[in-house]
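Asks: Here's a sequence, model it:
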Amino acid sequence: MIGRPQSAEAAAYYFTYIDKVVGEDALAIIENQLQETARERISGKLYRFWALMLGNGQERRRR
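Replies: Take a look at the predicted model:
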């Protein structure tokens with residue numbers, strides 16, 4: 001774990017954003033965000049796939 005930067009390690013401007021990070025382990029936070037994003041993208045693609053498949057099935061039944 002690297003930890004939070006000290007005031008001498010970054011310009012004051014960046015602490016506007018650094019202070020918004022909850023917790024001490026920024027790498028773990030980024031890894032969690034990447035996993036959440038991947039899950040959201042996969043679930044979105046699966047939803048579109050099944051909606052397309054079910055939609056096509058319903059169209060066939062109408063004919």
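
Asks: only C-alpha atoms for contact and neighbour calcs from this point on.
Replies: OK.

Asks: Please read off the pLDDT at the residue nearest to the spatial centre of the chain from the model.
Replies: Nearest to the geometric centre of the chain sits Thr37, at 2.8 Å (CA atoms, centre = their mean). Note on Thr37: pLDDT of 86.

Asks: Please identify the buried residues of the lengthiest helix in the chain?
Replies: Ordering each helix of the chain by length in residues (DSSP state H) puts helix 26-62 first. Buried positions in helix 26-62, judged by neighbour count with 16 or more other CA atoms under 10 Å: Ala26.

Asks: Can you get me the centre-to-centre distance for it and its chain?
Replies: Distance of helix 26-62 from the chain centroid (CA atoms, centre = their mean, to the nearest Å) equals 13 Å.

Asks: picking up where we left off before, next one: the residue nearest to the centre of the chain from Met53, what distance?
Replies: Distance from Thr37 to Met53, counting by CA to CA, to the nearest Å: 24 Å.

Asks: Also Gly44?
Replies: If you go by CA to CA, the gap between Gly44 and Met53 works out to 14 Å.

Asks: Can you dump the C-alpha atoms of stretch 22-37 in CSV for me?
Replies: C-alpha atoms of stretch 22-37 as CSV (Å, rounded to 0.1, in the frame of the first residue of the first chain):
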residue,chain,number,x,y,z
VAL,A,22,-12.4,7.4,0.8
GLY,A,23,-9.9,5.1,2.5
GLU,A,24,-6.1,4.8,2.4
ASP,A,25,-5.5,2.2,-0.3
ALA,A,26,-6.1,4.0,-3.6
LEU,A,27,-5.0,0.9,-5.7
ALA,A,28,-7.6,-1.3,-4.1
ILE,A,29,-10.3,1.4,-4.7
ILE,A,30,-9.3,1.6,-8.4
GLU,A,31,-9.3,-2.2,-8.7
ASN,A,32,-12.8,-2.3,-7.2
GLN,A,33,-14.0,0.3,-9.6
LEU,A,34,-12.6,-1.6,-12.6
GLN,A,35,-14.4,-4.8,-11.5
GLU,A,36,-17.7,-2.9,-11.0
THR,A,37,-17.3,-1.3,-14.5
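
Asks: roughly how far out does that stretch sit from the chain middle?
Replies: Distance, centroid of stretch 22-37 to centroid of chain: 9 Å (CA atoms, centre = their mean).
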